[in-house]
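Student: Turn this into a model:
(4 chains)
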There are 2 protein chains.
Amino acid sequence: MTAGTKDRIRDSAADLFQHQGYHATGVKQIVEGASAQLASLYHFFPGGKEALGADVVRVAGAGYQTLVEAVWDSAPDVVAGVHAVFDGAAAVLEATDYEDACPIATVALEVASTNETLRIATAEVFDAWIVAAVARLAAAGIAAPTARDLAFAVVGGLEGAFVLARATRSVEPLHAAGAVVAAAVERALPA
Amino acid sequence: MTAGTKDRIRDSAADLFQHQGYHATGVKQIVEGASAQLASLYHFFPGGKEALGADVVRVAGAGYQTLVEAVWDSAPDVVAGVHAVFDGAAAVLEATDYEDACPIATVALEVASTNETLRIATAEVFDAWIVAAVARLAAAGIAAPTARDLAFAVVGGLEGAFVLARATRSVEPLHAAGAVVAAAVERALPA
DNA sequence: GTCTATACTTTGATAGAC
DNA sequence: GTCTATCAAAGTATAGAC
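Tutor: Numbers count the residues shown, from 1 in each chain, chains lettered A, B, ... in the order given. Model prediction:
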C-alpha cells in the first residue's frame, strides 16, 4: 500500500513548513510537491491551510519525538543519551545542508502571537517532549523538580542551538550546548 | 528632534517582524504602522522589503544586545548576571503577553534556508552576542574553551526557552533554563 | 475523489505629478 | 520627499463537471 494522496500532501507540507516556514509556503506549492490537485487538499483538509498546518505540526512533532527517543535510548546511560541527541542532531543538520532541524520550531514562532489554533498544536507537541524527557531523567534517579528543570534544558537547549546553528551554518552551538547540558545531567545523578 | 520617517518605518517593521515574522508582514502594513507612505519605504530602502529586513535585523539585534548587557552587568557577579538575564526576559515576556522575546529569532528561522542576505544579517548578530557573552565569562576567570561553550549555553538557552515559552505561554522554560545555565557557570568559576 | 477553471484578495513594487 | 494611482503576480479558496 503506497502513500495515499492525503499522506503525500501532509508530507509535502511538512517538508516546506520545516524548511521555509508556514507563511512563506503556499497551498499551490504544497500540492505541487505532493503531485496532487489543489482541490484534493481542500477535500482532505476542509479547514484549508490552517487545518493542514495543525495536522502537520502534530504528526511531524510526534514523529520527531519518536526519532529523538530512539537515539536517546540507544545510548548506554542518560548522560550518553543526552550527548547522542545533540551530536545526532548536529550530524543530521550538517548532512542536510542546515535544513533539517526541528520540524515545528519555525512555525511555532511564526504563529505564537497570531494564530491560536496552531499555537496550541505546537504547545501540545512541546509539552509531550518535556514529559518524555522528564520520564527518562527521573528513571535515572534524578528527583522530580530537578528532572523537570533539566528536561527544559535539554529540549530548550536543542531548540536554541538549532536557531544559532541554522543562522550561522555551524554545528558548534549544538556541540557546546550538548556538552553543558550533559554535564548538568551528570551532576544531578544520585551518587 | 523627533523620529524621522525612516526611523518610524524601521521601528514599525521591527515590531511586526518580531511579533508575527517576516513573511506574514506586508510592506503596506509596515508603512501603515509607521504613519508613512509606501513610496517613502522604497525611497529610504531602495532594496525594498529585503533591504529593510536586513537593516531591522542589524539595528534590533544590536539594540537587544545593549539591553541584555545592561541587565547582565547590573548584577553583582557573573552567576547573578546570568540569572538576571533569564529572569528579566521572563518578566518582559509575561508583561507583554508573550509577544516580546528575541527580536530576530523568528526571522532567523524563516530565512535560514531561503534568503542568504537576511541569513547573514542574523548570523552576524548572533556572532556578536556570543562574543559579548564570552568576554563576560572570561572576565570572571573562566578559561577560553569553557567560556565559549557556556556562552552558547547562555545565548542558545535563552533562544530555546523563548521558543518553548511563547508556544506554551509559560515562563517556566526561562526560569528552568536560567537555573541550569547559571549553575553550569558557577561550577566553571575558578576556586 | 479528481479534474479544470476561476473568483477574490493581497502581495511587493513602480510611475509620475507635485 | 511625499502624494495618488496602479501594475503584474501570487495568495487562499471555491464551483461544478466528471
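
Student: roughly how far apart are A:Pro46 and DNA strand D?
Tutor: A:Pro46 sits 7 Å away from DNA strand D, going by C-beta to the nearest atom of the strand, to the nearest Å. In this view, the C-beta of every residue, glycine as well, is placed from N, C-alpha and C.

Student: tell me the secondary structure for that residue?
Tutor: Assigned with DSSP: H, G, I helix; E, B strand; the rest coil, A:Pro46 falls in the coil class.

Student: One more: A:Pro103?
Tutor: Put simply, A:Pro103 is coil when judged by three-state DSSP.

Student: And for it, the neighbour number?
Tutor: Residue neighbour count, defined by other C-beta atoms under 10 Å in any protein chain shown, stands at 21 for A:Pro103.

Student: and if you look at the one 3 residues further on?
Tutor: Around A:Thr106 there are 31 other residues, counting by other C-beta under 10 Å.

Student: Also A:Asp73?
Tutor: A:Asp73, neighbours per other C-beta under 10 Å, totals 10.

Student: contact partners of the one helix or strand A:Arg119 maps to?
Tutor: Assigning secondary structure by DSSP states H and E places A:Arg119 in helix A:116-139. Residues outside helix A:116-139 that contact it (C-beta atoms under 8 Å, 6 or more residues apart in numbering or on different chains) are A:22, A:50, A:53-54, A:57-58, A:61-62, A:65, A:68-69, A:72-73, A:78, A:81, A:104, A:107-108, A:111-113, A:144, A:146-148, A:150-152, A:154-155, A:185, A:188, B:163-164, B:167-169.

Student: which among these end up buried?
Tutor: Among the contacts of helix A:116-139, those classed as buried by 16 or more other C-beta atoms under 10 Å in any protein chain shown are A:22, A:53-54, A:57-58, A:61, A:65, A:68-69, A:72, A:78, A:81, A:104, A:107-108, A:111-113, A:146-148, A:150-152, A:154-155, A:185, A:188, B:163-164, B:167-168.

Student: Which pLDDT value belongs to A:Ala191?
Tutor: According to the prediction, A:Ala191 has pLDDT 84.

Student: next structured bit after the helix holding A:Arg119?
Tutor: helix A:144-168.

Student: helices or strands up against that next one?
Tutor: helix A:78-95, helix A:105-111, helix A:116-139, helix A:172-188, helix B:105-111, helix B:116-139, helix B:144-168, helix B:172-188 (3 or more C-beta pairs under 8 Å, 6 or more residues apart in numbering or on different chains; DSSP states H and E).

Student: and DNA strand D, which of the ones you listed is closest to it?
Tutor: Proximity to DNA strand D (C-beta to the nearest atom of the strand) singles out helix A:116-139 among the helices and strands packed on helix A:144-168, at 11.5 Å.

Student: what mean pLDDT does stretch A:23-38 have?
Tutor: For stretch A:23-38, mean pLDDT rounds to 98.

Student: List the buried residues in it.
Tutor: A:23-25, A:27, A:30-31, A:33-34, A:36.

Student: Ok, stretch A:78-90 next?
Tutor: Residues of stretch A:78-90 classed as buried by neighbour count (16+ other C-beta under 10 Å): A:78-79, A:81-90.

Student: Pull the contacting residues for A:Gly53.
Tutor: A:13, A:17, A:22, A:107, A:111, A:118, A:121.

Student: what helix or strand does the one residue in chain A that gets nearest to DNA strand C sit in?
Tutor: Chain A approaches DNA strand C most closely through A:Ala39 (2.8 Å), counting by C-beta to the nearest atom of the strand. Here A:Ala39 sits within helix A:38-44, counting by DSSP H and E.

Student: any idea how far the residue of chain A positioned farthest from its centre lies from B:Ala90?
Tutor: Most distant from the centre of chain A: A:Ala191, at 32.7 Å, with distances by C-alpha atoms, centre = their mean. Here A:Ala191 is placed at a distance of 32 Å from B:Ala90 (C-beta to C-beta, to the nearest Å).

Student: Could you do A:Gly88 as well?
Tutor: Going from A:Gly88 to B:Ala90 by C-beta to C-beta gives 30 Å.

Student: again, but for A:Leu174
Tutor: Look at A:Leu174 and B:Ala90: by C-beta to C-beta, they are 24 Å apart.

Student: Please produce a markdown table containing the helices and strands packed on helix A:144-168, extended by distance to A:Phe44 and mean pLDDT.
Tutor: Shown next, in a markdown table, are these (distance: least, C-beta to C-beta, whole Å; pLDDT from 0 to 100):
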| stretch | distance to A:Phe44 | mean pLDDT |
| --- | --- | --- |
| helix A:78-95 | 29 | 98 |
| helix A:105-111 | 19 | 99 |
| helix A:116-139 | 17 | 98 |
| helix A:172-188 | 36 | 98 |
| helix B:105-111 | 27 | 99 |
| helix B:116-139 | 34 | 98 |
| helix B:144-168 | 26 | 98 |
| helix B:172-188 | 34 | 98 |
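
Student: closest to B:Pro46 out of these?
Tutor: B:Pro46 lies closest, by C-beta to C-beta, to one member of these: helix B:116-139, at 13.9 Å.

Student: Next, the buried residues of that closest one.
Tutor: Buried residues in helix B:116-139, counted by 16+ other C-beta under 10 Å: B:118-126, B:129-130, B:132-134, B:136-138.

Student: what's the spacing between that helix and its chain's center?
Tutor: In terms of C-alpha atoms, centre = their mean, to the nearest Å, the centre of helix B:116-139 is set 10 Å apart from its chain centre.

Student: For DNA strand C, tell me whether that helix is touching it.
Tutor: No - shown here: helix B:116-139 not in contact with DNA strand C (C-beta under 7 Å from any atom of the strand), separated by at least 11.5 Å.

Student: secondary structure element for A:Asp15?
Tutor: Using DSSP H and E, A:Asp15 falls within helix A:5-20.
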